[in-house]
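# This is a predicted model, with the sequence first.
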2 protein chains.
Amino acid sequence: MKALEERIRKDGRVLPGNILKVSDFLNHQIDVPFMLEMGREIAGLFAGEKPTKVLTIEASGIAVGFAAAAALELPLVFAKKSKTSNVDEAVYSAEVHSYTHNKDYKIMVSREVLDPNDRVLIVDDFLANGCALRGLIEIVKQAGAEPVGCAIAIEKGFQGGGDALRREGIRVESLAIVESMEGGRLEFRR
Amino acid sequence: MKALEERIRKDGRVLPGNILKVSDFLNHQIDVPFMLEMGREIAGLFAGEKPTKVLTIEASGIAVGFAAAAALELPLVFAKKSKTSNVDEAVYSAEVHSYTHNKDYKIMVSREVLDPNDRVLIVDDFLANGCALRGLIEIVKQAGAEPVGCAIAIEKGFQGGGDALRREGIRVESLAIVESMEGGRLEFRR
């Protein structure tokens, strides 16, 4: 999505440790009209898969998930993060490793909000190593539902998580794929 | 908002400890088209105050904040919760006491996303004791910005937090005010 690449060039900042800071418009302050455009772009990519539900993860996935769900006129579910390892029978859950914070956490979705008949579009703001997406896919499968694909705002292509998922046959569409940000210079995948 | 009261009667559940569970449509699974209606209702109430920004708090405030910001065509900022008491000079922060979890936490907003010229509409999904709203108002004031009011999806009127804020001259508008849920029977404020 050209407009997103331009926005990242304009307002994104590359920080040490391969961090791309986009908190001015994407994940702390949110440019809502622009996010709705991104949602329509995601809807255009995935409407043909006939999803019945959008699934994302708190907190920064909620805005882009909401925008996609709005364009598709679908409900949105967000997985909750938990540091406790308590297993609650009322939830589906998966372990996720965060490379950013170098720790494991659990993500959970109530059994009441996922149904075996659901066709689930997974949406998130960032894709790097793909651990969060794998956790979400696992939860969809635990519910006996069908993951129809993953839609991402910004993929860090050089971290490889998206391509690994694609090689496994999972449809992953990212609105912008950063191929390199060495020396603070952003290059996008063509 | 009649439609919200009806939805709470239909899909909400009263649990022990004065908990109103609305996770089917409001704060775990989100009925996005309905939430957009709620956002338009909030916009109708507050457009006259000419807000320049919507402020909410992660995680469950983000959806209703996004819907309000969409209807008002404004940016959304969400405050982040933190358990650390580190003070970072790059943020505005406030202490919030959670009665639900009986603990204190800190909420933070980057200085980069609030401006002294901002007129800030504060939005959240629930209002009980009002502690989260007070923290958000404090952050707006730290930024030298103007809090133009608070818009809430569901207020638990019997917990008094909303009325205390109103007595202090703060405009608080809730789309549904639960006056009582004794014995599991919901009564709304007229």
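Alright, I've got the coordinates.

# Name the surrounding residues that touch the longest helix along chain A.
Using DSSP state H to define each element, chain A has its longest helix at helix A:32-46. Applying CB atoms under 8 Å, 6 or more residues apart in numbering or on different chains, the external contacts of helix A:32-46 come out as A:1, A:3-4, A:7, A:25-26, A:63-64, A:66-72, A:121, A:123, A:148-149, A:151, A:153, A:173, A:175, B:54, B:66, B:69-70, B:73-76. All C-beta atoms are positioned from the backbone trio N, CA, C, and that covers glycine.

# Just the buried ones from these?
Among the contacts of helix A:32-46, the ones that count as buried by 16 or more other CB atoms under 10 Å in any protein chain shown are A:4, A:7, A:25-26, A:63-64, A:66-72, A:121, A:123, A:148-149, A:151, A:153, A:173, A:175, B:54, B:66, B:69-70, B:74-76.

# does any bit of the lengthiest strand in chain A sit next to chain B?
Taking DSSP state E as the assignment, the strand of chain A that covers the most residues is strand A:146-156. No: against chain B, strand A:146-156 shows no contacts by CB under 8 Å from any CB of the partner chain, the least distance being 14.3 Å.

# quick revisit: inside strands: which ones of the buried ones among the contacts of helix A:32-46?
Among the buried ones among the contacts of helix A:32-46, the ones falling in strands (DSSP E) are A:121, A:123, A:148-149, A:151, A:153, A:173, A:175, B:54, B:76.

# show me the contacts for the nearest residue to residue A:136 once chain neighbours are set aside.
Distances taken as CB to CB, 6 or more residues apart in numbering or on different chains put residue A:122 closest to residue A:136, at 4.9 Å, once the chain neighbours are dropped. By CB under 8 Å, 6+ apart, residue A:122 lies in contact with A:54-56, A:133, A:136-137, A:140, A:147, A:149-151.

# Return the member of the residues you listed nearest to chain B.
residue A:54 (8.0 Å; CB to the nearest CB).

# Grab the nearest non-local neighbour of that closest one.
Closest residue to residue A:54 apart from its sequence neighbours, by CB to CB, 6+ apart: residue A:69 at 4.2 Å.

# quick one: that neighbour from residue B:53, how far?
23 Å (CB to CB, to the nearest Å).

# again, but for residue A:12
From residue A:12 over to residue B:53 (counting by CB to CB), the distance is 20 Å.

# do residue A:1 as well
25 Å.

# Repeat that for residue A:187.
Taking CB to CB, one finds residue A:187 at 33 Å from residue B:53.

# Beta-bridge partners for the spatially most central residue of chain A, please?
By CA atoms, centre = their mean, chain A has its centre lying nearest to residue A:124, at 1.6 Å. Residue A:124 has these beta-bridge partners by DSSP bridges: residue A:152.

# gap between stretch A:33-51 and the chain center?
With CA atoms, centre = their mean, to the nearest Å as the basis, stretch A:33-51 stands 13 Å off its chain's centre.

# quick one: the residue nearest to the centre of chain A and residue B:171, what's the gap?
Here the criterion is CB to CB. By it, residue A:124 lies 36 Å from residue B:171.

# Wait, residue A:144 touches residue A:111, no?
No: with contact defined as CB atoms under 8 Å, residue A:144 and residue A:111 do not form a contacting pair (10.7 Å).

# before we move on, the earlier item: any idea of the mean pLDDT in the longest strand of chain A?
Average pLDDT, strand A:146-156: 98.

# which strands and helices sit next to that strand?
When contacts are defined as 3 or more CB pairs under 8 Å, 6 or more residues apart in numbering or on different chains; DSSP states H and E, strand A:146-156 sits against helix A:2-11, helix A:32-46, strand A:119-127, helix A:131-142, helix A:161-167, strand A:172-180.

# That strand vs strand A:172-180, what angle?
Interaxial angle, strand A:146-156 versus strand A:172-180 (axes from the mean of the first three to the mean of the last three CA atoms, to 10 degrees): 20 degrees.

# hey, C-alpha coordinates of strand A:146-156 in PDB?
This file holds the C-alpha atoms of strand A:146-156, laid out as PDB (Å, rounded to 0.1, in the frame of the first residue of the first chain):
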ATOM      1  CA  GLU A 146     -10.700 -22.100   9.800                       C
ATOM      2  CA  PRO A 147      -7.900 -19.500   9.600                       C
ATOM      3  CA  VAL A 148      -8.400 -17.900   6.200                       C
ATOM      4  CA  GLY A 149      -5.200 -15.800   6.300                       C
ATOM      5  CA  CYS A 150      -3.300 -13.100   8.100                       C
ATOM      6  CA  ALA A 151      -3.400  -9.400   7.300                       C
ATOM      7  CA  ILE A 152      -0.600  -7.200   8.700                       C
ATOM      8  CA  ALA A 153       0.000  -3.500   8.600                       C
ATOM      9  CA  ILE A 154       3.800  -3.500   8.700                       C
ATOM     10  CA  GLU A 155       5.900  -6.600   8.200                       C
ATOM     11  CA  LYS A 156       9.600  -6.600   8.900                       C
END
